[in-house]
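> no sequence for this one, just the structure:
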């Protein structure tokens, strides 16, 4: 029981010291005072307490965000290797299209019905004559959509055959 009282007293003293240190502002002139003066109350007027100046608000983008590059208007064009790395497009989708395929024609009708979102390009690849590209991306069915990086590497692949023909479906599934 004696040790509990001593421990409680020590904790009470520590809590009191912490409260004094935390609640009392310290100025440079006070920092040189000795420990036996810590129980005195600060009598300095509140307006003498200084704070660090704050920076003016900036109209620029926050520092932790990279500037957003301007995006090009969405486009639907025939495939050319050089178009894959075109600047201004953060999303490139290859559409393996066959002119004889009713599914492909339905997709194309939806793609051309309204403008594509900025930064999106859909490049139409001729399914019948692009054996190398079909092999590179593992395409075995027309109306397949392949999202690629700017270096041409595969990101995702979606077979649209028998699926919703909207541009939204293409963008959500690739």
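Great, that's in hand. Just so you know, these numbers come straight off a predicted model, no measurement behind them.

> let me see the contact set for residue 159.
Contacts here follow CB atoms under 8 Å, 6 or more residues apart in numbering; on that basis residue 159 touches 141, 143-145. For the C-beta atoms, the positions are set from N, CA and C on the backbone; glycine is no exception.

> inside strands: which ones of those?
144-145 (DSSP state E).

> wait, what's in contact with residue 121?
Residues counted as contacts of residue 121 (CB under 8 Å, 6+ apart) are 72, 74-77, 83, 86, 89, 91-93.

> what distance do you get for the closest residue to it other than its chain neighbours to residue 156?
Of all residues not flanking residue 121 in the chain, residue 89 sits nearest, at 4.6 Å (CB to CB, 6 or more residues apart in numbering). Noted for residue 89: a distance of 16 Å to residue 156, by CB to CB, to the nearest Å.

> more neighbours: which of the two?
residue 89 (21 against 11; other CB atoms under 10 Å).

> phi and psi next, for that one.
Here is the backbone geometry of residue 89 (degrees, to the nearest 10): phi -120, psi 120.

> and if you look at the one 4 residues further on?
With angles defined as degrees, to the nearest 10, residue 93 sits at phi -120, psi 130.

> okay, now it: neighbour count?
22.

> so it bridges to which residues?
Counting by DSSP bridges, residue 93 forms beta bridges with residue 122, residue 147.

> how close does it sit to residue 116?
Relative to residue 116, and taking CB to CB, residue 93 is found at 10 Å.

> no further questions, thank you.
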